[in-house]
Each structure stands twice: as structure tokens, then as C-alpha cells.
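Novice: have a look; sequence and predicted model below, questions after that.
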Amino acid sequence: MIAKQFGARAAFVLSFALLVGAPAIAQTAANRAVVIGMTLEPPLLDPTINAAAAIAEVTQLNVFEGLTRIDEQGRVLPGLAERWEVSPDARTYTFHLLRGVKFADGTDLDAGDVKFTFERNAAPDSTNSRKSYFTQMERVAAQDPTTVVVTLKEPSALFLFNLAENASVIVAPESAATNRSNPIGTGPYKLERWTPGDSVVLTKNPLYRNAAQVQIERVTFKFIGDGAAQVAALQAGDVDMFANIAAVEATPQFQRDARFQVLVGSTEGETILAMNNKRGPLADVRVRRAISHAVDRREVILGAQSGIAVPIGTHFAPHNPAYVDLTGTYLPDLAKARDLLREAGVPNGFEVTLTLPPVDYARRSGQIIAAQLARVGIRARIEEVEWARWLDVVYKQKNYDMTIVSHVEPMDITVYGNPNYYFQYDSAPLRDALARANRATDVAEQNRAWGDAQRIITQDAVNVFLFELPKVAVAKKGLTGLWRNWPMTLDDVAAMRWE
């Protein structure tokens, strides 16, 4: 559901760094603990039934694991499957599971758990955000306790990558029903406590197969939504890091402070002004194109992101080799926007509601975009809502006009192929392009299909494409193992160390 370069840090004298920074680091290291700040609180703790990125940030690789995993560069690595073979027709995958793996409740991982997970995700009543990954499976067979054979309906070039996503983690039938509040996985951590509105605390899982290699024994995910409060919490030492701080304007401040390290990178988060393609005037492509011409993404990036973001012209990450730069398709042009509105029969504009979730990038961008739309007669009434209401009213019920959100799941241009998705966009040519990309086994062929898909959704002005959400991590000096980039939204706590 639901991040570029800066100058070098200013040097501080060593005595100041030792006086200010060392005691806090030493105390935290002695406790073998870390406190990670987060902007949003997860609505629940099972990533297989809810798309909220905050769930993945807490649980992926920490509590739950998939058959595969990815590294910071997005490369696919073995996970719970130590190896696999692929049939010549690229439809059948034979996975060999790690031996001796246990869930945190003491039950053993076996091929039956994988079969259960995949079939549960594909079931008619499944709420898995990536349900199509599992409905494309023709058959899942537990060949023996450590061997799973998955046969696809057709080849899928992204299959192994998809299995590394948070929606694909393996759960057990014994605990699946209660994972939403008491997650039981095979990862290095288990739930100690969830205090709604405040924090989630995970502790080291003694049954984890590589427990001896895990240095951080306790991690607290502290929920602090306000950007200014995040800055204050870091400065006071109440949190050790934010993997992606909301107050990006504070970046230079932390770069000058010898107590901290700042890592600026990229995410998979396409930040968009999403539009309900079946609501009133927004159902007319000319109106959506007019809105695209009325929005100046450069102003949005400067005003809402302090200039720290890469503009996008379609729903695809600029760092992906298949990205097509379409930022010139809808350049700011108020005269063109007014002409399109006149052609669409709304020369005097109209009223819309702009529903904004509780994240700084959305609410700051919303204020700027509302003023931009007013220049062409579109009167946007801003409605600020909490995350739970956004997920219910906008995402589930599709009861909205426009909203601003960053889609952080990798390769999620595929959601445009679902006419029931909250954009309510229905295009057969787009679905054909996505299908060609999915079944392509040649990289060049696949990239051509991805390019076609990008051009179609941009031409149809499904949404207004704003910027790729930057990742600005701020952490205390001495904390290592942090990811600069987020090919997926996660905090790999087991990889962290205090030095």
C-alpha cells in the first residue's frame, strides 16, 4: 500500500563527538537493543492479509520470512528455500527448504506450511494484496517435508522476486488465524508487546536457526507521526533511528551533527495524486489530463520535499532499467488545462474533495496542489483523515475523489490491471501489456512490455505522477547494517550492530 545526494558533513572536533554521542551509544549497545522510529503504525501485524507498508517494516525479515529474500540492491537470494530448480518451460519450480527451521511457537516448518500459505493467499476470500501472485499458480504440491513443487499457469519472469515480498511470507496453519495480533513466524524475532498508539516491541527468537549471529536482542518500533516530533525524539535520544524520516527539511541539520549519520537513497514509492476514474468529471480523460497540466510537480517537490525527490511521469521507479521518462508528457500549462476543461464541458471547473492520509509528504503536497488546481477553477476541499479511515474509505470503499499517497510495493504498476482497484481504471490494452511483461523470459522483451504499460497509463492520465519518495535515514553514529535504499519497505534488524 501503501528516497538524493547532499554535500559532505561538516566536521566537528572529536572531543565534542565523544562527549555528546558516545555515552548514548554505549548505553544502548550494553542493552543490545535498538529503538526505531516509524511515521505510521501498522493496523495489524499479518502482511499476508493487509497491504499497509508499516506492517512490512515491522515484520518482514524480522518476524516472517519468504521462500526467497532480496538484498539492498533488489537481488533475489535464498530465504527459507536454500535452493530451487526451474523446468525448461519456466513453469515449474522445485524448492528445497532449509532443514530444522522452526516457527517461534516451536512448530516445525515443512512443505505443508508453504502449500497452506499459497493456497490461503489464492482463496476466493483472500485479502492478500498480491493475490494474483498465487492465483497464477496452477498447482502447489508438498512432494516431501522439505520439497515444494509449484507449477505456474504460464511463465512469470518476476516469480522469484515476487516470493520475496511481504505478501508472500510463509505462515503456519496452527497460528495463521491469530497472526494479525500475535504474529508467529520463522524469523529472528518474536512479538513481546504491542501497545496500540505507541509501539511494537520484538525480542530475539531463541528458536531462530541463526540466533547466535543476531546481536540486537530487543527492538522497539516507536510510532511518531509528526515530523517535528521525530526530529525532537532523535535529538533527545528517545529513538536510535528513523529508516525514513518525515521531516526531510531537517536533513542538513542532522548532517552537521556529529552524533548522527544520514543515509540518502531511494525507495519503490511512486507518490501520486490518485484520482477516482469513475467519479464525476474525473471519469473524463480530458479532465484528468487537464489536472495533470495544472499540477507543477517541481513546485510540489520543492515545497513538500525540500527539493529532495526525483520527479516521475508514470507509475514506475526511475532507478529501474525499464523506466521510461514521461515527465514531459504533461508539462505545467494552465492554458492547455483550461482548454481541456472547456472541451470536457466544465469550463468553470468543479469541486472535489482531496482526502489526505496522516503523512507529511501527502499533507504538504496536498496544500500545494489544491492551490495549483484553483488556478484553473478546480476547487479542492482538503479532508485530513487518519490512516485507518483512509484504508477503509479510500482504499477499500473507493469513496473518494482524489488523494495523495506513495505506493511503496515494488513493481506495483500491476495494480493498474485490476479494474476493482481504488483507482477504478479499466483498460484492456494495459492488461495486455502487463500480461506480456509477466510472461516474458527475455529481458529486452519484458522491458518493451513494461514501457508499453507505462505509456498507456500516462496517456490515459489515470493519476498525476508526482515524485519517487526518497529514503532519508537518520541514525545514531555507531549503528551499522542499515539499508540506504529500500527495494522493499523493511528494517532488517538482525543485520544491525552497534560498534
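Specialist: Now that the structure is in, tell me what you want to look at. None of these values were measured; they are calculated from a predicted model.

Novice: what's next to stretch 408-417, contact-wise?
Specialist: Stretch 408-417 is contacted from outside by 1-2, 51, 53, 74, 129-130, 132, 158, 161, 165, 267-270, 314-317, 407, 421, 423, 425, 427, 430-431, 434-435, 438, 450, 453-454, 457, 462, 469, 486-489, using C-beta atoms under 8 Å, 6 or more residues apart in numbering. All C-beta spots, glycine's among them, are computed from the backbone N, C-alpha and C.

Novice: pLDDT weak spots in the stretch 1-150 of the chain?
Specialist: 1-31 (pLDDT under 70).

Novice: helices of that one, residue ranges please.
Specialist: 14-31, 53-59, 111-122, 131-135 (DSSP state H, counting those that start in this stretch).

Novice: the stretch 201-350 of the chain too?
Specialist: Using DSSP H, counting those that start in this stretch, helices in the stretch 201-350 of the chain cover 227-236, 251-255, 285-294, 297-305, 334-343.

Novice: leaving out chain neighbours, which residue sits closest to the residue sitting nearest the centre point of the chain?
Specialist: The chain has Val408 as the residue nearest its centroid, 2.7 Å off, counting by C-alpha atoms, centre = their mean. Nearest residue to Val408, sequence neighbours excluded (C-beta to C-beta, 6 or more residues apart in numbering): Gly269, at 4.1 Å.

Novice: spit out the contact partners of the one you found.
Specialist: Ala3, Ser406, His407, Val408, Glu468, Leu469, Trp486.

Novice: that one and Asp198, how far apart?
Specialist: 25 Å (C-beta to C-beta, to the nearest Å).

Novice: and if you look at Phe254?
Specialist: Between Phe254 and Asp198 the computed distance is 24 Å (C-beta to C-beta).

Novice: I'd say Asp89 and Lys153 touch.
Specialist: No - at 11.8 Å, Asp89 does not count as touching Lys153 under the criterion of C-beta atoms under 8 Å.

Novice: follow-up on the earlier one: dump the helices of the stretch 201-350 of the chain to TSV, plus distance to Asn205.
Specialist: Shown next, in TSV, are the helices of the stretch 201-350 of the chain (distance: least, C-beta to C-beta, whole Å):
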stretch	distance to Asn205
helix 227-236	27
helix 251-255	32
helix 285-294	48
helix 297-305	38
helix 334-343	55
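
Novice: so what's the nearest residue to Arg364 once chain neighbours are set aside up against?
Specialist: Spatially, and ignoring its direct neighbours in sequence, Arg364 is nearest to Ala304 (3.7 Å; C-beta to C-beta, 6+ apart). The contact partners of Ala304, by C-beta under 8 Å, 6+ apart, come to Asp360, Tyr361, Arg364, Ser365, Ile368.

Novice: tell me the pLDDT at Ala304?
Specialist: Looking at Ala304, its pLDDT is 95.

Novice: OK, contacts around Leu373?
Specialist: Ile291, Ala294, Val295, Val352, Arg379, Ala380 are the contacts of Leu373 under C-beta under 8 Å, 6+ apart.

Novice: just give the closest residue to the third one, not the sequence neighbours.
Specialist: Here the nearest residue to Val295 in space, its sequence neighbours aside, is Val464; by C-beta to C-beta, 6+ apart that works out to 5.1 Å.

Novice: and the gap between Asn182 and Ala104?
Specialist: As judged by C-beta to C-beta, Asn182 and Ala104 stand 10 Å apart.

Novice: those two - which one has more neighbours?
Specialist: Neighbours were counted for Asn182 and for Ala104 using other C-beta atoms under 10 Å; Ala104 has more, 22 against 15.

Novice: name the nearest residue to that one, ignoring sequence neighbours.
Specialist: Distance criterion C-beta to C-beta, 6+ apart; nearest residue to Ala104, sequence neighbours excluded, is Lys190 at 4.1 Å.

Novice: could you do Phe161 as well?
Specialist: Val76 (5.5 Å).

Novice: doesn't Leu67 make contact with the one you found?
Specialist: No - the pair Val76 / Leu67 is not scored as a contact, 10.2 Å apart, by C-beta under 8 Å.

Novice: contacting residues for Leu97?
Specialist: By C-beta under 8 Å, 6+ apart, the contact list for Leu97 reads Leu67, Leu80, Ala81, Glu82, Leu109, Asp110, Ala111, Val114, Pro145, Thr146, Thr147, Val148.

Novice: give me the distance from the lengthiest strand in the chain to the chain's centre.
Specialist: The longest strand of the chain (DSSP state E) is strand 260-275. Centroid separation for strand 260-275 versus its chain: 9 Å, with C-alpha atoms, centre = their mean, to the nearest Å.

Novice: same check, this time on stretch 155-172
Specialist: Chain-centre distance of stretch 155-172: 15 Å, with C-alpha atoms, centre = their mean.

Novice: state the mean pLDDT of that stretch.
Specialist: Mean per-residue pLDDT for stretch 155-172: 94.

Novice: start to end distance for it?
Specialist: Separation of the first and last residues of stretch 155-172 by C-alpha to C-alpha, to the nearest Å is 27 Å.

Novice: next: stretch 320-328.
Specialist: Taking C-alpha to C-alpha, the first and last residues of stretch 320-328 lie 18 Å apart.

Novice: circling back to that earlier point, look at Val76 and Leu67 and report which has more neighbours.
Specialist: Per other C-beta under 10 Å, whichever of Val76 and Leu67 has more neighbours is Leu67, with 25 against 16.

Novice: circling back: identify the contacts common to Val76 and Leu67.
Specialist: Shared contacts of Val76 and Leu67, defined by C-beta under 8 Å, 6+ apart, are absent.

Novice: so what's the residue nearest to Gly227 when sequence neighbours are not counted up against?
Specialist: Distance criterion C-beta to C-beta, 6+ apart; nearest residue to Gly227, sequence neighbours excluded, is Ala247 at 3.3 Å. Contacts were defined as C-beta under 8 Å, 6+ apart; by that measure Ala247 touches Gly227, Ala228, Gln230, Val231, Asp360.

Novice: and the pLDDT for Arg409?
Specialist: No Arg there; residue 409 is Glu. pLDDT, read off for Glu409, is 88.

Novice: that one sits in which helix or strand?
Specialist: Secondary structure from DSSP states H and E places Glu409 outside every helix and strand.

Novice: count the neighbours of it for me.
Specialist: 22.

Novice: likewise Glu217?
Specialist: By other C-beta under 10 Å, neighbour count at Glu217 equals 15.

Novice: what do you get for the one 3 residues further on?
Specialist: When counting by other C-beta under 10 Å, one arrives at 20 neighbours for Thr220.

Novice: for Gln446, see how far away it is.
Specialist: Distance from Thr220 to Gln446, by C-beta to C-beta: 42 Å.

Novice: likewise Leu469?
Specialist: From Leu469 to Gln446 the distance is 25 Å (C-beta to C-beta).

Novice: ok, back up a step: dump the contacts of Ala304 into TSV; add distance to Asp46 as well.
Specialist: TSV is the format used below for those (distance: C-beta to C-beta, whole Å):
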residue	distance to Asp46
Asp360	27
Tyr361	26
Arg364	31
Ser365	30
Ile368	36
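
Novice: among those, which one lies nearest to Leu98?
Specialist: Tyr361 (38.9 Å; C-beta to C-beta).
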